[in-house]
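Peer 1: next input, structure requested:
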Amino acid sequence: HSVVRNALFCLETAANQQENHVYTKALLAYAFALAGNREKRKALLDSLEKEAVRKDGSVHWQRPGKEPEADLPYYRSRAPSAEVEMSSYVLLAHLTSQPAPAQEELAFASLIAKWISSQQNPNGGFSSTQ
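Peer 2: Down below sits the predicted model:
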């Protein structure tokens, strides 16, 4: 359909910009995964992997310039909603693959899922409503 084709053209133009915010890259990666554009999806996921934060056996993404968290022994702060959302979009982009994701992609996705599950609040919800 022409509307979808035009929308994808707009997204491709945005994806080709040199300076894309990590949140934008996460959304674009998921959009291209849904559209079946494997090349754009892979290029964005490769770029996102370079910006990933690896900590305590998990992987997530955070906003550029974020202040480092205080490392307190009995307190674990929850990430802001934007970080939960962008990490979740990257997870969806990894899992939305045709053909099915490869084993190494599933292993990486499990590290993202580990971080996301650690962000649950005591009631089982998240800081994000997405």
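
Peer 1: and for R63, the neighbour number?
Peer 2: R63 has 13 neighbouring residues, counting by other Cβ atoms under 10 Å. C-beta coordinates here come from the backbone N, C-alpha and C atoms, glycine included.

Peer 1: shouldn't it be in contact with Y23?
Peer 2: Yes: here R63 lies in contact with Y23, judged by Cβ atoms under 8 Å, at a distance of 7.4 Å.

Peer 1: mutual contacts of the two, please.
Peer 2: Common contacts of R63 and Y23, defined by Cβ atoms under 8 Å, 6 or more residues apart in numbering, comprise A82.

Peer 1: ok, P101 touching A109?
Peer 2: Yes: with contact defined as Cβ under 8 Å, P101 and A109 form a contacting pair (6.9 Å).

Peer 1: what do the two both touch?
Peer 2: 94-95.

Peer 1: higher neighbour count, those two?
Peer 2: Using other Cβ under 10 Å as the criterion, P101 and A109 rank with A109 on top: 19 against 15.

Peer 1: excluding its backbone neighbours, what's nearest the spatially most central residue of the chain?
Peer 2: Closest residue to the average C-alpha location of the chain: V90 at 2.4 Å, with Cα atoms, centre = their mean. Among residues not flanking V90 along the chain, A26 sits closest, at 4.9 Å (Cβ to Cβ, 6 or more residues apart in numbering).
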